[in-house]
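# Just to be clear, the model below is a prediction. Sequence and coordinates:
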Amino acid sequence: MKKVTILLLGLLTIASCKNDSKDTENKESIVTTTETTETEDTKVSKKSSFRVSPIQHATMVITWDDATIYVDPVGGAEAFKNFEAPDLILITDIHQDHFSAETIQALNTSNAKIVLPQAVADEMPSEFSTKIEVLNNGDLKAHLGFNIEAIPMYNLRPESLKFHEKGRGNGYVMEKNGKRVYISGDTEDIPEMLALKDIDIAFVCMNLPYTMTEVQAANAVATFKPRIVYPYHYRGASGFSNIEVFKARLKSLSGSEVQVVALDWYQ
């Protein structure tokens with residue numbers, strides 16, 4: 001019997017293109033991982049690339065090796081003109097900053113699987129009926145070599161319960177070759193987030209009154225300890241959340257254990 005082990009070594013590099021007015025924020029980042037598979041007879045190393053390109057607010061394009069993944073695509077097809085057509089589309093919720101039927105209709109989805117909660121499926125045009133994959137909270141599906149798990153996303157504070165009820169929307173954990181990526185969607189620091197394990201990369205929201213404060217977000221990240229965290233979805237009713245507050249709180253709790261990467265989600 002062969003003995004197999006997988007060793008993961010990560011190197012984070014940031015694209016050089018920056019927003020002129022925000023020196024600490026970048027327009028995309030690339031995480032390069034070397035995956036080494038070792039048997040009794042041989043050792044094989046393979047590089048894996050994970051590129052994040054923010055579009056706006058909750059919308060992003062992830063290029064993970066050869067797969068192109070659109071997350072919450074809104075803003076029309078023009079916003080995606082510089083990217084390959086999607087192989088996979090993830091939609092978290094019904095709100096207009098996460099779901100736009102018009103945008104999806106304008107995209108080239110000929111080879112795409114669309115993963116979404118039932119509440120979004122109920123609003124999808126019938127032409128996509130053969131492309132959608134409904135995941136309820138807790139469901140796990142495999143597609144294109146990824147395991148995709150639907151994580152609950154909802155509000156806890158009484159004054160915000162009206163925004164996101166439990167069971168309607170999905171966060172997601174995507175896993176491939178041992179690398180695990182968490183996308184929070186619209187949520188507070190719920191028990192299901194705090195219980196996450198072995199997350200390499202996390203996208204965590206923070207905006208009032210719709211999701212949570214910077215301190216709540218930092219406390220949650222310090223609990224489940226991803227290797228890298230991207231603050232996103234941080235524009236609220238009264239302006240932008242303060243990413244520096246998030247960074248400072250997280251550093252006070254976890255030191256340098258979690259790396260914060262601030263990208264420009266509002267170009």
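Sure, I can see it.
# What residues of the helix or strand Ser53 falls within count as buried?
In this structure, Ser53 sits in strand 43-56 according to DSSP states H and E. Residues of strand 43-56 classed as buried by neighbour count (16 or more other C-beta atoms under 10 Å): 48, 50-56. (Glycine included, C-beta is placed from N, CA and C.)
# One more: stretch 82-93?
Those would be 86-93, for stretch 82-93 by 16+ other C-beta under 10 Å.
# how about the residues you listed in CSV, adding distance to Ile228?
Output for the buried residues of stretch 82-93, formatted as CSV (distance: C-beta to C-beta, whole Å):
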residue, distance to Ile228
Pro86, 23
Asp87, 23
Leu88, 21
Ile89, 23
Leu90, 19
Ile91, 23
Thr92, 20
Asp93, 24
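# can you name the two of those that are farthest apart?
The largest separation in the buried residues of stretch 82-93, counting by C-beta to C-beta, is between Asp87 and Asp93 at 21.7 Å.
# what about the strand holding Ser53, average pLDDT?
For strand 43-56, mean pLDDT is 84.
# got it, and stretch 130-150?
Stretch 130-150 carries an average pLDDT of 97.
# Residues in contact with that stretch: which ones?
Applying C-beta atoms under 8 Å, 6 or more residues apart in numbering, the contact partners of stretch 130-150 are 64, 67, 87-88, 90, 109, 112-118, 121, 124, 151-152, 166-167, 170-176.
# rewinding a little: name the strands paired with the strand holding Ser53 and say parallel or antiparallel.
Partners of strand 43-56 in the sheet, by DSSP bridges, are strand 29-38 (antiparallel), strand 59-64 (antiparallel).
# what's the span of stretch 152-164 from first residue to last?
By C-alpha to C-alpha, to the nearest Å, the extent of stretch 152-164 from end to end equals 10 Å.
# Please enumerate residues in contact with it?
Applying C-beta under 8 Å, 6+ apart, the contact partners of stretch 152-164 are 92-93, 137-138, 165-171, 184-190, 192, 209-211.
# hmm, 10 Å instead?
If you take C-beta atoms under 10 Å, 6 or more residues apart in numbering as the criterion, stretch 152-164 is touched by 92-95, 117, 136-138, 165-172, 183-193, 205, 208-213, 216.
# Going by neighbour count, list what's buried in it.
152-155, 160, 163-164.
# next one: stretch 128-139
Buried residues in stretch 128-139 (16+ other C-beta under 10 Å): 128, 131-132, 134-135, 137.
# Just list whatever residues bridge to the residue nearest in space to the middle of the chain.
Central residue of the chain (C-alpha atoms, centre = their mean): Ile183, 3.0 Å from the mean position. Taking DSSP bridges as the rule, Ile183 bridges to Tyr172, Phe203.
# Which neighbouring residues are in contact with it, exactly?
58, 60, 62, 69, 71-72, 90, 92, 151, 153, 170-174, 201-205, 230, 232-233.
# try 6 Å this time
171-172, 203 (C-beta atoms under 6 Å, 6 or more residues apart in numbering).
# same check, this time on Thr59
By C-beta under 6 Å, 6+ apart, the contact set of Thr59 is 72-74.
# Same list as before, those residues that is, but in TSV and with neighbour count included.
Shown next, in TSV, are the contacts of Thr59 (neighbours: other C-beta atoms under 10 Å):
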residue	neighbour count
Asp72	27
Pro73	27
Val74	22
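# where are the low-confidence patches of this protein?
1-26, 33-46 (pLDDT under 70).
# again, only this time at 50
Residue ranges of the chain with pLDDT under 50: 1-24.
# For Lys179, list each beta-bridge partner.
Judged by DSSP bridges, the bridge partners of Lys179 are Lys176.
# Kindly provide the distance from it to Gln118.
28 Å (C-beta to C-beta, to the nearest Å).
# out of these two, which sits in the busier spot?
More crowded of Lys179 and Gln118, by other C-beta atoms under 10 Å: Lys179, with 21 against 13.
# Test my guess that that one contacts Asp200.
Yes. Under the criterion of C-beta atoms under 6 Å, Lys179 makes contact with Asp200 at 5.1 Å.
# can you pull out the helices in this protein?
With DSSP state H as the criterion, the chain has helices at 101-106, 118-121, 191-194, 214-224, 243-254.
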